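Chemist: this one's structure only:
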């Protein structure tokens, strides 16, 4: 299980904690299945990855709700002041006063309209160590024989070999294989006889997030990558932490060392903060085992390696040690997110399939789903359609991003006054307020959405930062094949066929 919590005003008398997302899961798709997904099937259902996707889903709804309440405001001109009850206010994000706070001489980037409040910190809690490099020592310690497993490699197609290059194809290490090779990019762990996957381990994806922040392709067009858009701390049970492994995987003195001090065009602000991408390693925070036992009765039983039996034990004069019941990872994932601050004014439809949303520990629900094999429970991964696609799928997140209406976007001038821009203020094809949206959209397929429009597009800098980080994380091979589709995949084909005769008549 993984949870993401936002702490506001940490260390102050007004400190508050808000649980943003809770997810479970331990499965991912094989490489051969990826081209058939068409944006409707989740590739990676490990809890950590689902939690980051759920966080970005929530952030899109938070931006959407805040913009909605602005449009419904009775006043066309007002000061953006969180102290006034009449002013739309989110406890998590705020509008950026770019012209006032940014030193434009140092950056020509048109940063997005929102940013996190400066007193926000984001923490991620995991019940288990992330798979991959950070947990290799733990994996070795849990084996009776720590000899690296022999791996029966699946054949790699000629197209994959051409894409990776002759040397890279053999560097796609399996999740638990080759214990002697540390500090390298790995696949998700799986049975040795299972079809190979191209999904990178949670350790590698979390390491990359130390550069790219928690923001996704969609949210990075709406929210600026400030320091508090990164994970501040990774919280785990103390016996799930190998300090050596975590330092090597995530630390400034480990494999990420070449990125220390690196930054990608940063807009320095008068208050000393900065908007831009940097290598920001998170803290690793342990939770005592006795506290875990008390608070989390559903934890995975630990494997006990029995020591060599004494002569007394061999003669049957002592009570035999009973090993814990062996557990297997399930294929069911659960997803929960917090409701946005202004949910009732948001035009986005909460795709839950239920009219009444439950509460989780007195927190209002924005989304809850049960996912099996990458699609919502009750649907087939081979043909999920709009109904079966998870709200966290590529297609649904893109659709949610497109639903965010920026046609009457409020621009903040130097004195903090909101001025409404008309839709005609932009020329055809021009980027709107740094979001990357166009009046006449040039985005046709998902691959277009992931591309920067020009050098001023904040996505351009994000792409460069990720590219540089992947060069440090040697052996990173793309999990490609699910980019050449458009939002028409969310159109109900059966309904479309029924409507064609009516239209013809």
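Modeler: Received it, and whenever you're ready, just let me know what you need. If you're wondering where the values come from, they're calculated on a predicted model, not measured in any experiment.

Chemist: what's across from the closest residue to residue 14 other than its chain neighbours in the sheet?
Modeler: Excluding the flanking residues, the one nearest residue 14 by CB to CB, 6 or more residues apart in numbering is residue 8, at 7.8 Å. In short, each C-beta sits where N, CA and C put it, glycine included. Beta bridges link residue 8 to residue 16, residue 120, judged by DSSP bridges.

Chemist: what's the answer for residue 23, then?
Modeler: Using DSSP bridges, the bridge partners assigned to residue 23 are residue 2, residue 335.

Chemist: going forward, begin numbering at 20 instead of 1
Modeler: Sure, I'll start numbering at 20, so the last one becomes residue 42.

Chemist: who touches it in this structure?
Modeler: Counting by CB atoms under 8 Å, 6 or more residues apart in numbering, residue 42 touches 20, 21, 22, 66, 69, 70, 73, 352, 353, 354, 355.

Chemist: between those residues, which is nearest residue 478?
Modeler: residue 73 (21.5 Å; CB to CB).

Chemist: hang on, the earlier thing: go ahead and confirm the residue nearest to residue 33 touches residue 137.
Modeler: No: using CB atoms under 8 Å, residue 27 is not in contact with residue 137; the gap is 10.3 Å.

Chemist: which one's more surrounded, the two?
Modeler: A count of neighbours by other CB atoms under 10 Å puts residue 27 above the other of residue 27 and residue 137, at 17 against 11.

Chemist: any idea which strand is longest in the protein?
Modeler: Counting by DSSP state E, the longest strand found in the chain is strand 382-391.

Chemist: okay, now the sheet partners of the helix or strand following that strand, with direction.
Modeler: Once strand 382-391 ends, the next helix or strand along the chain (criterion: DSSP states H and E) is strand 394-395. Paired with strand 394-395 in the same sheet, following DSSP bridges, are strand 382-391 (antiparallel).

Chemist: contacts for the partner strand, please.
Modeler: With contact meaning CB under 8 Å, 6+ apart, strand 382-391 is reached by 37-38, 44, 61, 64, 69, 73, 76-77, 80, 350-359, 362, 369-371, 376-378, 395-396, 409-411.

Chemist: now the helices for the stretch 420-524 of the chain?
Modeler: Secondary structure of the stretch 420-524 of the chain (DSSP state H, counting those that start in this stretch): helices located at 465-468, 477-491, 512-523.

Chemist: what of the stretch 20-169 of the chain?
Modeler: Counting by DSSP H, counting those that start in this stretch, the stretch 20-169 of the chain has helices at residues 66-90, 117-120, 155-160.

Chemist: other SSEs contacting the longest one?
Modeler: Under the contact criterion of 3 or more CB pairs under 8 Å, 6 or more residues apart in numbering; DSSP states H and E, the helices and strands touching helix 66-90 comprise strand 21-27, strand 35-42, strand 112-114, strand 139-145, helix 221-231, strand 351-357, strand 382-391, helix 413-422.

Chemist: roughly how far does the residue nearest to residue 219 when sequence neighbours are not counted sit from residue 260?
Modeler: Nearest residue to residue 219 in three dimensions, chain neighbours excluded: residue 204, at 6.1 Å (CB to CB, 6+ apart). For residue 204, the distance to residue 260 (CB to CB, to the nearest Å) stands at 21 Å.

Chemist: show me the contacts for the residue nearest to residue 33.
Modeler: The contact partners of residue 27, taken as CB under 8 Å, 6+ apart, are 33, 34, 35, 36, 37, 110, 111, 136, 138, 139, 140.

Chemist: burial count for the last one?
Modeler: The burial count assigned to residue 140 is 18, neighbours taken as other CB under 10 Å.

Chemist: ok, now residue 34?
Modeler: Residue 34: 11 neighbours (other CB under 10 Å).

Chemist: do you know the pLDDT at residue 48?
Modeler: pLDDT recorded at residue 48 is 92.

Chemist: sorry, back to before: of the helices of the stretch 20-169 of the chain, which is nearest residue 506?
Modeler: Set against residue 506 and scored by CB to CB, the helices of the stretch 20-169 of the chain come closest in helix 66-90, at 15.1 Å.

Chemist: hmm, back to that, in PyMOL, select just the buried ones from the contacts of strand 382-391.
Modeler: To isolate the buried subset of the contacts of strand 382-391 in PyMOL, counting by 16 or more other CB atoms under 10 Å, use the following:
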select buried, resi 38+44+61+64+69+73+76+77+80+352+353+354+355+356+357+358+359+362+369+370+371+376+395+409+410+411
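
Chemist: specify which member of the contacts of residue 42 is nearest to residue 499.
Modeler: Of the contacts of residue 42, the one sitting nearest to residue 499 (CB to CB) turns out to be residue 69, at 20.9 Å.

Chemist: check the closest residue to that closest one other than its chain neighbours and give its pLDDT.
Modeler: Counting by CB to CB, 6+ apart, residue 69 lies nearest to residue 42, which is 3.8 Å off, once chain neighbours are set aside. We have a pLDDT of 97 for residue 42.
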